[in-house]
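>>> After the sequence you'll find the predicted model.
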Amino acid sequence: MSNIASKVAFALYNSGCLKFGTFKIKSGAISPYYIDLACLLSSPKDLGTIADAVAETIRRIIASEKVDKLASIELKGALILPSIASRVNLPCVVMRKEEKSYGVTGRIAGANVEKGESIIFFDDVLSEGLSKLEGIKPLKEMGAYIKHVVVVVDREQGGKQNLEKSGYAVHTLTSVSKMVDSLYKSGAVSKEQADAVLDYVKRHQLQVNEKFLQP
């Protein structure tokens with residue numbers, strides 16, 4: 001396992017972002033774990049670790065191509081986007097989920113989006129990828145060019161494949177399987193906790209394989 005993946009695993013675990021138990025997720029399904037990157041706001045050191053790791057990924061991208069701005073969608077990704085943007089010295093944009101009808105109206109907060117700009121889209125976790133496509137859509141409608149999507153954790157539920165199928169390059173710092181494996185080997189989590197998560201991931205991966213391997 002890469003050093004970055006291990007650092008991310010412990011930063012999320014130590015800050016309470018990675019939780020084990022029984023959780024009802026957005027789809028209505030029951031998950032044996034939950035990831036809430038908002039908890040990083042209570043742990044500056046771990047927030048710095050995650051922001052540094054994401055920034056390093058972005059630096060590798062901008063070393064070979066021009067990037068004008070970073071963008072994310074509210075809420076979780078938007079909370080840590082400024083910390084990342086300050087490390088790579090790029091303006092950042094937050095997409096609201098709904099248009100604001102008062103004050104400065106519209107779906108954009110932060111920097112303006114200009115036609116022809118190249119923007120990297122960032123978010124906290126990747127499940128099926130639908131919220132990423134929803135967040136990218138208005139940016140494209142404003143004339144921006146989005147090629148790269150960067151996320152902290154891949155939940156391994158088909159999101160990477162969905163985004164790649166739509167033409168995006170997907171960069172993930174780590175996956176749920178790698179995090180749990182690293183935490184189990186260190187003794188931070190029990191075998192029962194690790195097995196519950198890995199079994200959950202395997203079930204989803206079977207569904208993903210069936211979907212994307214069909215002719």
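Now that the structure is in, tell me what you want to look at.

>>> What's the separation between the nearest residue to Q193 once chain neighbours are set aside and S2?
Nearest residue to Q193 in three dimensions, chain neighbours excluded: F20, at 4.8 Å (Cβ to Cβ, 6 or more residues apart in numbering). Every residue, glycine included, has its C-beta placed from N, CA and C. Distance, F20 to S2, by Cβ to Cβ, to the nearest Å: 23 Å.

>>> related to what we said a few turns ago, wouldn't the residue nearest to Q193 be in contact with Y33 here?
Yes: counting by Cβ atoms under 8 Å, F20 touches Y33, with 5.4 Å between them.

>>> Who are the packing partners of the helix or strand of the chain with the lowest mean pLDDT?
Here the helix or strand of the chain ranked lowest by mean pLDDT, DSSP states H and E is strand 106-110, holding a mean of 74. If you count contacts as 3 or more Cβ pairs under 8 Å, 6 or more residues apart in numbering; DSSP states H and E, strand 106-110 packs onto strand 92-100.

>>> Quick one: work out the angle between the strand it packs on and strand 106-110.
150 degrees (axes from the mean of the first three to the mean of the last three Cα atoms, to 10 degrees).

>>> strands paired with strand 92-100, and their directions?
Partners of strand 92-100 in the sheet, by DSSP bridges, are strand 69-73 (parallel), strand 106-110 (antiparallel).

>>> winner for burial among those?
Neighbour counts (mean count of other Cβ atoms under 10 Å) averaged over each of the strands paired with strand 92-100 peak at strand 69-73, with a mean of 25.
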